[in-house]
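**Student:** just coords:
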Ligand SMILES: NC(=O)C1=CN([C@@H]2O[C@H](COP(=O)(O)OP(=O)(O)OC[C@H]3O[C@@H](n4cnc5c(N)ncnc54)[C@H](O)[C@@H]3O)[C@@H](O)[C@H]2O)C=CC1
Ligand SMILES: C[N+](C)(C)CCCC(=O)O
């Protein structure tokens, strides 16, 4: 039975600890992509609102000399992060439902995302606390009359610009470490899915987060994201989204020599060797790698390379498994493939498939709207073969449930094909041979390598890419460092004069 949809809360912009109508009074419709119906609206912020949000964050960073937030101990901030995590858990089913209504992802996935959100706030609460004991560690110097240590300090006010594929989770990957570090923040979620991020504002009010520590402004990229990225009082921008927008954010930030971290697109390979014992295990990971979240995952393993000896068997099983996926209204129990996020994304994916066909690739399975679903932006799981490396489907990120499969005959050919991309986010190897796994771990140019799996993600481990997939690492201790700046403190501890200059003669 499908869960009953509920009212979508009507929210303002979350600025300075309270709700505010957007300065120009405009709002954006929220469309449920699984039904194509409008279910609510969100405020559309513009540069005027960005100004207010940045000012609120600046004031919160400096308030009382930072005693209550930016200069407070990590333990103080950890309490707030834990309180947020507790509220997320308490409201998990409401939040998951909103996430599904807003994005079209299966409810089971949205529930898992909310678990990950709570776990991420808890993890950074732990790191914030542990951090207190790690400050001011002495640095060994070659001169005894000096003592030095490094002080890690919050970088300041941060602008966090996030995408629609995991709306609250991708926001949390930035908000939790930024707050743990002592920064104050302005979050700009994607206009295609902002509902749960606004609910995070409601949670901040409930737990009494000091006003202005987190501000949340919804709105369009050029109207709300761009003024945030270029704002002179924003000390750092952390961005997740498309490579094109990432370039714009980096260009804007460069004008003020503002640091950025960028988590961008991908076209990640999954390489399946012929030494495996169980082909179905490999097929299931391959499916999870491209059909989870409808393939709208930056790290999706959207290019499968399979050894020629097992290619036929692998493809037969992949098609058999793909036929078996439950595609339905994402609220229906057991749904494993919901709708894609928007009409724009739906049209874009269909265009990718028709271009692949026109370029001579074979649509082995899928490629169309499932016949039993007349409304909503649904696309069948799609498997494409006979792909050459010059085709668009091989080169460009689709961000949909579309995978291309290519055969290889030698390990070096597999490596060459895997690295034949401008992207470098992730890569996977499925093999029983530890030496193959070891060699490919080194050879694949990517920030994340999965061995005998695809996509598992742990908050403790670093996440991020190379090449045009961006730079900087989120999650783990690396995630906290993203929001810190390092200050060198060096003390002269001798009563002796330094003695470089001749002292003037005493009269
Ligand atoms: N790496 C990833 O996780 C993601 C990749 N994508 C890729 O990007 C494609 C387009 O999706 P979009 O939602 O349009 O992604 P996008 O990159 O345009 O949007 C991401 C965020 O950037 C904001 N933004 C847009 N223009 C901006 C600007 N000039 N300055 C500052 N912020 C700006 C958006 O409002 C949103 O919050 C997808 O089809 C997919 O291929 C999309 C979302 C996530
Ligand atoms: C690890 N996962 C799949 C939950 C999130 C991937 C991050 C992204 O798509 O930007």
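**Tutor:** Received it, and whenever you're ready, just let me know what you need. In this text, all values refer to a predicted model and were calculated from it rather than measured experimentally. Residues are numbered from 1 along each chain as shown. Ligands and ions are numbered 1, 2, ... in the order given.
**Student:** Flag every buried residue along the longest helix anywhere in the chain.
**Tutor:** In the chain, assigned by DSSP state H, the helix with the most residues is helix 107-134. For helix 107-134, the neighbour count (16 or more other C-beta atoms under 10 Å) marks 107-111, 113-114, 116-125, 127-129, 131 as buried. For every residue, glycine as well, the C-beta is placed using N, CA and C.
**Student:** okay, how far is it across stretch 226-246, tip to tip?
**Tutor:** Across stretch 226-246, the terminal residues are separated by 11 Å (C-alpha to C-alpha, to the nearest Å).
**Student:** now that stretch, how far from the chain's geometric center?
**Tutor:** Stretch 226-246 has its C-alpha centroid displaced from the chain centroid by 14 Å (C-alpha atoms, centre = their mean, to the nearest Å).
**Student:** Same question for stretch 464-479.
**Tutor:** 10 Å.
**Student:** what about stretch 43-50, start to end distance?
**Tutor:** Using C-alpha to C-alpha, the span of stretch 43-50 from its first residue to its last is 13 Å.
**Student:** which residues in the stretch 101-250 of the chain form helices?
**Tutor:** Remark: helices assigned in the stretch 101-250 of the chain by DSSP state H, counting those that start in this stretch are 107-134, 167-181, 195-207, 226-229, 243-254.
**Student:** Could you work out which of the ones you listed reaches nearest to residue 477?
**Tutor:** With C-beta to C-beta as the measure, helix 107-134 is the member of the helices of the stretch 101-250 of the chain nearest residue 477 (6.8 Å).
**Student:** how about the helices of the stretch 101-250 of the chain in a markdown table, adding distance to ligand 1?
**Tutor:** Converted to a markdown table, the helices of the stretch 101-250 of the chain look like this (distance: least, C-beta to the nearest ligand atom, whole Å):
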| stretch | distance to ligand 1 |
| --- | --- |
| helix 107-134 | 14 |
| helix 167-181 | 7 |
| helix 195-207 | 10 |
| helix 226-229 | 4 |
| helix 243-254 | 3 |
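**Student:** Dump those to JSON lines, plus mean pLDDT.
**Tutor:** Output for the helices of the stretch 101-250 of the chain, formatted as JSON lines (pLDDT from 0 to 100):
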{"stretch": "helix 107-134", "mean pLDDT": "96"}
{"stretch": "helix 167-181", "mean pLDDT": "98"}
{"stretch": "helix 195-207", "mean pLDDT": "98"}
{"stretch": "helix 226-229", "mean pLDDT": "98"}
{"stretch": "helix 243-254", "mean pLDDT": "97"}
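**Student:** could I get these as JSON lines with distance to residue 285?
**Tutor:** Shown next, in JSON lines, are those (distance: least, C-beta to C-beta, whole Å):
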{"stretch": "helix 107-134", "distance to residue 285": "17"}
{"stretch": "helix 167-181", "distance to residue 285": "21"}
{"stretch": "helix 195-207", "distance to residue 285": "28"}
{"stretch": "helix 226-229", "distance to residue 285": "37"}
{"stretch": "helix 243-254", "distance to residue 285": "26"}
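**Student:** and of the ones you listed, who's closest to residue 456?
**Tutor:** Of the helices of the stretch 101-250 of the chain, the one closest to residue 456 (C-beta to C-beta) turns out to be helix 107-134, at 11.4 Å.
**Student:** tell me which strands and helices that closest one is in contact with?
**Tutor:** Under the contact criterion of 3 or more C-beta pairs under 8 Å, 6 or more residues apart in numbering; DSSP states H and E, helix 107-134 touches helix 74-90, helix 92-103, helix 167-181, helix 476-481.
**Student:** 10 Å - rerun?
**Tutor:** Under the contact criterion of 3 or more C-beta pairs under 10 Å, 6 or more residues apart in numbering; DSSP states H and E, helix 107-134 touches helix 74-90, helix 92-103, helix 167-181, helix 195-207, helix 476-481.
**Student:** and it, how far from the chain's centre?
**Tutor:** That offset, for helix 107-134, works out to 14 Å (C-alpha atoms, centre = their mean).
**Student:** angle of that helix against helix 195-207?
**Tutor:** Counting by axes from the mean of the first three to the mean of the last three C-alpha atoms, to 10 degrees, helix 107-134 lies at 50 degrees to helix 195-207.
**Student:** Cool, thanks, talk later.
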